[in-house]
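>>> Provide a 3D model corresponding to the input given below.
(one chain, ligands or ions: 2)
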Amino acid sequence: MVERNSEPSVQDRAGRPFPVSWDQFHRDCRALTWRLNEVGPFHAVIAITRGGLVPAAIVARELGLRVIDTVCVASYDHDKQGDLKVLKGISEQTAKLGGGTGKGLLIVDDLVDTGKTGRLVRELLPDAHFATVYAKPQGRPLVDTYITEVSQDTWIFFPWDTALSFQPPIRDGAA
Ligand SMILES: O=P(O)(O)OC[C@H]1O[C@H](OP(=O)(O)OP(=O)(O)O)[C@H](O)[C@@H]1O
Ligand SMILES: [Mg+2]
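Ligands and ions are numbered 1, 2, ... in the order given. Coordinates of the predicted model:
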């Protein structure tokens, strides 16, 4: 738990931890690609940084796509969501592939939570296909394809944000 002021963080409010291992994440990305393979073909993959970079690499590999671009968005400072900022949009070359509206482009992110990030990127590329690995109910309507839904009060811990650590035995008070 990280407290920077008296407000509970999104993660504190979320309560339910959902740790995801690298193995599980890889399996979920492959499951996502099975679905996307039926929707495509796509001209390019666009990762929403930074969380979307990992699933985008796996999905692109599985779909045989080599054109990969990024939309760089900053919102959560660890677990507190601030104002959204687009730090970088897609390149002119990728925009051309999508005919200006994103048609035939595949946007990938690790998850949708409130949907703020997804909404912003959809506004930039309204005709693109938006895929995430995980979805919470508030953001789910924005996503075209996802694999696993978790409750809004779940906090997903991704493998690139975590490390193995000792856990005290349950009888000694472990959660
Ligand atoms: O649906 P929302 O409520 O907008 O939340 C979802 C976004 O939040 C996380 O990114 P974050 O902004 O934390 O940045 P990161 O990908 O660089 O970790 C996650 O990777 C999604 O992009
Ligand atoms: Mg992100």
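>>> Quick check: what element follows the lowest-mean-pLDDT helix or strand in the chain along the chain?
Sorting the helices and strands of the chain by mean pLDDT, DSSP states H and E puts helix 10-14 at the bottom, at a mean of 66. Once helix 10-14 ends, the next helix or strand along the chain (criterion: DSSP states H and E) is strand 16-19.
>>> partners of that next one, with directions?
Next to strand 16-19 in the sheet, as set by DSSP bridges, lie strand 154-157 (parallel).
>>> Give me the distance from the strand it pairs with to the chain's centre.
12 Å (Cα atoms, centre = their mean, to the nearest Å).
>>> Span of stretch 61-70 from start to end?
Stretch 61-70 has an end-to-end distance of 16 Å (Cα to Cα, to the nearest Å).
>>> Kindly report the same for stretch 46-54.
Stretch 46-54 end-to-end distance (Cα to Cα) = 11 Å.
>>> Ok, stretch 83-94 next?
OK, stretch 83-94 end separation, Cα to Cα: 26 Å.
>>> What lies in contact with it?
Contact with stretch 83-94 is made by 44, 46, 67, 69-75, 98, 105, 116-117, 120, 124-125, as judged by Cβ atoms under 8 Å, 6 or more residues apart in numbering. (Glycine included, C-beta is placed from N, CA and C.)
>>> How far away from the center of its chain is that stretch?
16 Å.
>>> Can you mark which positions in it are buried?
89-90, 94 (16 or more other Cβ atoms under 10 Å).
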